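Asks: Output the structure for:
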Amino acid sequence: MKLSEALLAEFLHEASSTRKLLEVVPFEKADFKPHEKSMSLERLATHVAEISGWWKECLTNDELDFSKGDYSPKVITSTAEILALHDDLVEKAKVILSNVAEEEFNKPWTMRNGDQIYFTMPKAAVVRTWCLNHWYHHRGQLTVYLRLLNVKLPGMYGPTADDSAK
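Replies: So this is what the prediction gives:
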């Protein structure tokens, strides 16, 4: 199995789980923060959805230079909006992973802000750490926010405590 095929299979499985989580985000509590230094619920949920779009930056480009970008965080106000964003980015990532040449994973990729280089590593490591592990990390944070808000958590790897509650 090619690396792109293995990554695509994992990505699609996890995208389905992520969608289940995004479906239950209560946007009426969008400003909720469990701590003053934490992101708001809306910002965190949006970040979780946006990470699906990072495959483009990591596999079709050789670097991400923050000094050249004009990124501004999206403001999402509803379940429909966040699911549309997530679904769109998942479809784009599917195309990228289905068409990427295997040798692309061996090329170096750099994250920088102008002259300041944060890191350079092979794209295979970048997609694992930034496109997948980073996604899982923030998804875990989101489940904590939802638990604190008494939102029933969907099963992503099997039943949750909510499923077994009587």
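
Asks: Run through the helices of this structure in chain order.
Replies: For the chain, the helices defined by DSSP state H occupy 3-23, 41-50, 54-60, 79-99, 123-126, 134-148, 161-164.

Asks: For Lys33, find the nearest of these.
Replies: Closest to Lys33 of the helices of the chain is helix 41-50 (CB to CB; 7.4 Å). Quick note: C-beta positions are derived from backbone N, CA and C, even for glycine.

Asks: Would you check that Arg53 makes contact with Leu89?
Replies: Actually, residue 53 is Gly rather than Arg. Yes - with contact defined as CB atoms under 8 Å, Gly53 counts as touching Leu89 (4.0 Å).

Asks: The most centrally placed residue in the chain: what's it in contact with?
Replies: Note on the chain: the residue nearest the mean C-alpha position is Ile51, at 2.9 Å, using CA atoms, centre = their mean. Contact analysis of Ile51 by CB atoms under 8 Å, 6 or more residues apart in numbering lists Cys131, His134, Trp135, His138.

Asks: These into a markdown table, with extra columns for distance to Pro108?
Replies: Below are these laid out as a markdown table (distance: CB to CB, whole Å):
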| residue | distance to Pro108 |
| --- | --- |
| Cys131 | 16 |
| His134 | 19 |
| Trp135 | 22 |
| His138 | 25 |
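
Asks: which stretches of the chain aren't confidently modelled?
Replies: In the predicted model of the chain, residues 165-166 satisfy pLDDT under 70.

Asks: repeat that with 90
Replies: Counting by pLDDT under 90, the chain contains low-confidence ranges at 69-74, 156, 158, 160-166.

Asks: circling back: could you export the helices of the chain as JSON lines, including distance to Gly155 and mean neighbour count?
Replies: As requested, the helices of the chain are exported to JSON lines (distance: least, CB to CB, whole Å; neighbours: other CB atoms under 10 Å):
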{"stretch": "helix 3-23", "distance to Gly155": "8", "mean neighbour count": "16"}
{"stretch": "helix 41-50", "distance to Gly155": "17", "mean neighbour count": "22"}
{"stretch": "helix 54-60", "distance to Gly155": "26", "mean neighbour count": "19"}
{"stretch": "helix 79-99", "distance to Gly155": "18", "mean neighbour count": "16"}
{"stretch": "helix 123-126", "distance to Gly155": "30", "mean neighbour count": "19"}
{"stretch": "helix 134-148", "distance to Gly155": "11", "mean neighbour count": "17"}
{"stretch": "helix 161-164", "distance to Gly155": "6", "mean neighbour count": "10"}
